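Chemist: Sequence and predicted structure below; questions after.
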Amino acid sequence: MKRRIHILFIEDSFDDVTMILHTVRKGGFDPIYTIVETADDLKVELSRTPWDIVIADYQMPKFNGTEALKMIRQHDPDLPFILVSGFIGEEHAVEIMIAGATDYVPKANLKRLVPAMKRSLREHNQVLKRREAEAAVRKSDKEWHEIFQAIGQPTIILDKDFNIIKANRRTLETTGLSEQELVGKKCYEIFHNGLPPNCPMRKMLVSNEHESMEMEVELFRGHFMVSCTPVLDESGQLEKVIHIATDISQLKEQEAESLRLKDQLVQAQKMEAVGRLAGGIAHDFNNLLTVILGNVQLAQYSNHANPILTPYLEQIQQSGERAAKLTRQLLSFSRKQPIQQQMLNLNELITGMLKMLKRLIGEDISIETSLQAKLPNFSADEGGLEQVIMNLVLNARDAMPDGGQITIRTELVTLNDQDCLNIPESDPGTYVRLTLQDTGIGMDESILGNIFEPFFSTKDQGQGTGLGLSVVYGILQQHKGFAKVESHLNSGTVFQLFFPFSNIPEQQLIDESKVSESPSGNGERILLVEDEDSIRSLFKIVLTRNNYQVTPACNAEEALIIFEEENADFQVLISDIILTGANGLDLAVQLKQKKPELKVILASGYLGDRVKLSSILKEGFTFIQKPIALPSLLSAIRKVLEK
C-alpha cells in the first residue's frame, strides 16, 4: 500500500512536476500536491495545509529557491526541503544546503529523489519525537518543582557544608525572609544562631543516612521535628541534603500521650511518602530519558552526511546524561539505587576520607596511615568500602574512651595454603589487604567470637545498634572477601580485611559508561516485553538494525501467549521489571521453567519494594538500569548469549 504524502512544489514547469510525480509514485508514495510559482502563493499555501515535504526548483522567472527556503524556515524550521534543479552549480548547491535545505537532487538524476525523501521524512519524524520527549521532561521537572514548593513544612536543600541552596515557599513564609536572603547562608546561622549540639545534619554526615531530631528552633519560636535526608551522587558521595522542619509545638502542649504519638506517626508517614514520590518520579524520568538518549544516538548514527546537526545532538545527549544523574540522586534519596562495583584505588579512598574521619573521632585520638606505594586499582563498591572504613573507625573510637591511636594500612598480598590455615573462610590468592589497628581496651575470646553477629553489642543500652561490624562482614561477603581479627584485653584490636584483587570489575549491573562496543547479532530471536510504547519501539528499531529478530509484547500476559505460540523459539528475553499487572522477574522465572536455556535481561529505572536486586541476581539474570545507552543494551545481549 502506497504512503500518502502532502507535497508542496515550488516550480514553474508543469512538465518537470509531472516527471517528479512519476518518480515519486514509482517510489511507493501517493502524493497530494500543490504547485506555486511566487512568494505570495507560497505564503498562502503555508498557512493553509500542513505539508510533509517541499520540493523546489532553484531558479524561476518570479521566484527562486533561496527566497523560498528562507520563507519556509521562518514558517517551520524543520520542514523537509529538497532542492530539485537542473540549472545550479556546485557552489550554489552548497550555499543553499548551508542555508538550511535538507537535500539537493539534480533533475538529471531523479533516481536519488525517493531515497532522499524517505531519509528526510524519517529524520524529521525523529526530530518531532525528540521534541515531544523533551517537552515531557520539562513537564516532569516543572511538576517536581511544584511538589517541592507545595510541601507544607519549611523545606530547604543544603550542600554538605550546611549552606542553603534552595528554600520552598513555606520556609519563606515562616521565616519572613526572601530566598535571596537565605541562599548561601549557613542553615544554623539562620535558624539557631550557631551550630546546635543535637543537629541532625551532623548525625547524618556520620551515618550517611536519614536522621531526624526534635529541636527548639529559635527563629520559629517553637518545637520542630527536623529531619535531614542525604542525596548521594552516582559514586555514593554526599551531594546535597533535604532538610525538613515539621512543627510539633502543638503536640508538645498536648497532655494525651497517645494522641501525641499518633500525630508523630502521621508526620513520619508523610516523610516516607516524600521518599516514595522521589522514587516514582525517578522511574518516569528514566523511561523518558531512555527514549531521548536512544533517539539522539540513533540520530547521531544517521547524521554522518550532515555534520551541521552534530553539536546540537551532542548538547541534547549531554543534557540527557545530566538529567540521568539527577534521577540517580532521587533514587538515592529514596534508597532504591542498586550498588555496583567499579575500579578504584583504596589509597585514594582512604586519603579522601581522612579529614572527615578525624572530625568524627575527636582530638584525643590520632590517625596514622601506612599506605603501600602504587597500590593497584581493584574492583569494589566505593560506597561499601567507605561504610566499612567508617564503621571500623567508629568502633575503634568507642574502644578508646581515654584517647589513643588508630593506624590504617594497605598492601597487596598473596596468600598460600599455609597462610589460609589461620584465617577463617579464606582461599589462596592475591588480595588487597586493609588493616585497621587501635590501641583500645581490646576484647577477650568470648566477645571476639561474636563480634560479626547482628545486634551483638558490648555497649550500654541505647548507645549502639549492634549492626556496625555485621555490616562490615556483610559488605566483605558481597566482595567475596574475608577477615582476620586479633585482640587481647588492654592490648588493642587489629582488623585485617582481605578483598580479592581483580583488575576487571565483577559488576552486578551493566555499567553503560564503560561499554565501547555495540556488537551486532546473528539473527537470534528476542522476546521484548516493555509496557512503554516509545521504549518498546526504540529497542525494536535498534535491535532489528543490529541483526536480531525481535518480537515485542506490551505486558506479561501477551508475552506468555507469544512464547507458547512460537513454541519457545527465543534465545533472549528482555523485559522491564515494573509491568502493568505483573513484574518482569516473575515472567522470566515462568519462561525459564519452560525453556531453561533462555537468556534473561531485566531492566528498570526503579526497582521499588516488590523486586529486590538480590532476587534478580539469585536467579542468574542480568540487570541493567535505565536510562540505557544503546551500546550497553547491545553489549549486554552479546554477553548473555556468549555465557
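Modeler: That came in fine, so what should we check first? Note that the structure is predicted; figures quoted are calculated from it, not measured. Numbers count the residues shown, from 1 in each chain.

Chemist: CA only for contacts and neighbour counts going forward, please
Modeler: OK.

Chemist: In contact with Asn345, which residues?
Modeler: Residues in contact with Asn345 (Cα atoms under 8 Å, 6 or more residues apart in numbering) are Leu375, Pro376, Asn377, Phe378.

Chemist: Cross-check the contact I'm expecting between the first one and Tyr431.
Modeler: Spelled out, that is Leu375. No - contact criterion Cα atoms under 8 Å: Leu375 and Tyr431 do not qualify, at 11.3 Å.

Chemist: mind listing what Arg130 touches?
Modeler: If you count contacts by Cα under 8 Å, 6+ apart, then Arg130 has Ile292, Asn295, Val296 around it.

Chemist: buried set for the helix or strand hosting it?
Modeler: Arg130 belongs to helix 113-150 when elements are defined using DSSP states H and E. Buried positions in helix 113-150, judged by neighbour count with 16 or more other Cα atoms under 10 Å: 113-114, 116-117, 119-121, 123-124, 126-127, 129-130, 133-134, 136-137, 140, 148-149.

Chemist: What's the first helix or strand after it?
Modeler: strand 155-158.

Chemist: Between Leu375 and Tyr431, which contacts overlap?
Modeler: Common neighbours of Leu375 and Tyr431 (Cα under 8 Å, 6+ apart) are Leu412.

Chemist: Those two: which has the busier surroundings?
Modeler: When Leu375 and Tyr431 are compared for neighbours, Tyr431 comes out ahead with 19 against 15, by other Cα atoms under 10 Å.

Chemist: Thr246 touches Val217, doesn't it?
Modeler: No - using Cα under 8 Å, Thr246 is not in contact with Val217, being 10.7 Å away.

Chemist: any common contacting residues for these two?
Modeler: Phe224.

Chemist: how far is stretch 214-228 from where the chain is centred?
Modeler: Centre-to-centre, stretch 214-228 and its host chain are 34 Å apart (Cα atoms, centre = their mean, to the nearest Å).

Chemist: Mind listing what's buried along it?
Modeler: Neighbour counts over stretch 214-228 (16+ other Cα under 10 Å) mark Glu214, Met215, Glu216, Val217, His223, Phe224, Met225, Val226, Ser227, Cys228 as buried.

Chemist: For that stretch, give me every contacting residue.
Modeler: Around stretch 214-228, the neighbours that count as contacts under Cα under 8 Å, 6+ apart are 174-175, 190-192, 198, 200-201, 204, 210-213, 241-249, 252.

Chemist: Among those, name the ones in helices.
Modeler: Thr174, Thr175, Ile190, Phe191, Pro200, Met201, Met204, Ser249, Lys252 (DSSP state H).

Chemist: other SSEs contacting the helix or strand where Thr18 lies?
Modeler: Using DSSP H and E, Thr18 maps to helix 14-26. In terms of contacts (3 or more Cα pairs under 8 Å, 6 or more residues apart in numbering; DSSP states H and E), helix 14-26 is packed against strand 29-36, helix 113-150.

Chemist: In JSON lines, list the ones you listed along with distance to Ile628.
Modeler: Output for the helices and strands packed on helix 14-26, formatted as JSON lines (distance: least, Cα to Cα, whole Å):
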{"stretch": "strand 29-36", "distance to Ile628": "36"}
{"stretch": "helix 113-150", "distance to Ile628": "16"}
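
Chemist: Now tabulate these in TSV and tack on mean pLDDT.
Modeler: Output for those, formatted as TSV (pLDDT from 0 to 100):
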stretch	mean pLDDT
strand 29-36	93
helix 113-150	86
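
Chemist: which one of the ones you listed lies closest to Glu532?
Modeler: Nearest to Glu532 among the helices and strands packed on helix 14-26 is helix 113-150 (12.7 Å), distances taken as Cα to Cα.

Chemist: Pull the distance from the closest one to the chain's centre.
Modeler: For helix 113-150 - counting by Cα atoms, centre = their mean - the centre lies 19 Å from the chain centre.

Chemist: Helix 14-26 and that one, what's the angle between them?
Modeler: 70 degrees (axes from the mean of the first three to the mean of the last three Cα atoms, to 10 degrees).

Chemist: angle of helix 113-150 against strand 29-36?
Modeler: Using the same axes, to 10 degrees: helix 113-150 against strand 29-36 is 90 degrees.

Chemist: can you pick the most crowded of the contacts of Arg130?
Modeler: Going by other Cα under 10 Å, Ile292 tops these with 27 neighbours.

Chemist: residues touching Ile164, list them.
Modeler: Ile156, Ile157, Leu158, Leu182, Val183, Gly184, Lys185, Lys186, Cys187.

Chemist: What ranges in this structure fall below the confidence cut-off?
Modeler: For the chain, the stretches with pLDDT under 70 are 87, 218-220, 255-283, 285-286, 303-306, 322-340, 454-467, 503-518, 606-611.

Chemist: domain assignment for it?
Modeler: Using automatic domain parsing, the domain parsing of the chain gives 3-126, 151-253, 342-500, 512-641.

Chemist: I'd like a version of those domains in a markdown table, one that adds distance to Gln318 as further columns.
Modeler: Output for the domains of the chain, formatted as a markdown table (distance: least, Cα to Cα, whole Å):
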| stretch | distance to Gln318 |
| --- | --- |
| domain 3-126 | 18 |
| domain 151-253 | 16 |
| domain 342-500 | 22 |
| domain 512-641 | 13 |
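
Chemist: State whether His6 and Ile32 are indeed in contact, as I suppose.
Modeler: Yes - between His6 and Ile32 there is a contact at 4.8 Å, judged by Cα under 8 Å.

Chemist: more crowded one of these two?
Modeler: Shown here are His6 and Ile32; by other Cα under 10 Å, His6 has more neighbours (17 against 13).

Chemist: Parallel or antiparallel, which strands does the host helix or strand of that one pair with?
Modeler: His6 belongs to strand 3-10 when assigned by DSSP H and E. Paired strands of strand 3-10, with direction, are strand 29-36 (parallel), strand 53-56 (parallel) (DSSP bridges).

Chemist: Tell me which of those sits most buried.
Modeler: Using mean count of other Cα atoms under 10 Å, the stretch among the strands paired with strand 3-10 with the largest mean neighbour count is strand 53-56, at a mean of 24.

Chemist: and it, how far out from the chain's middle?
Modeler: The chain centroid and the centroid of strand 53-56 are separated by 42 Å under Cα atoms, centre = their mean.

Chemist: next structured bit after that strand?
Modeler: helix 65-75.

Chemist: Could you list the residues in contact with that following helix?
Modeler: Everything outside helix 65-75 that qualifies as a contact, by Cα under 8 Å, 6+ apart, is 10, 39, 42-43, 46, 56-59, 79, 81, 83, 96, 99-101.

Chemist: now those: which count as buried?
Modeler: So, by 16+ other Cα under 10 Å, the buried ones in those are 10, 39, 42, 56-59, 79, 81, 83, 96, 100-101.

Chemist: wouldn't Tyr473 be in contact with His479 here?
Modeler: No - between Tyr473 and His479 there is no contact under Cα under 8 Å: 10.0 Å.

Chemist: What segments of the stretch 401-550 of the chain are strands?
Modeler: 404-415, 429-438, 482-487, 493-500, 525-529, 549-553 (DSSP state E, counting those that start in this stretch).

Chemist: quick one: the longest one to chain centroid distance?
Modeler: From the chain centre to the centre of strand 404-415 is a distance of 35 Å (Cα atoms, centre = their mean).

Chemist: so which of the helices and strands packed on helix 14-26 comes closest to Thr407?
Modeler: So among the helices and strands packed on helix 14-26, helix 113-150 is nearest, using Cα to Cα, at 44.8 Å.
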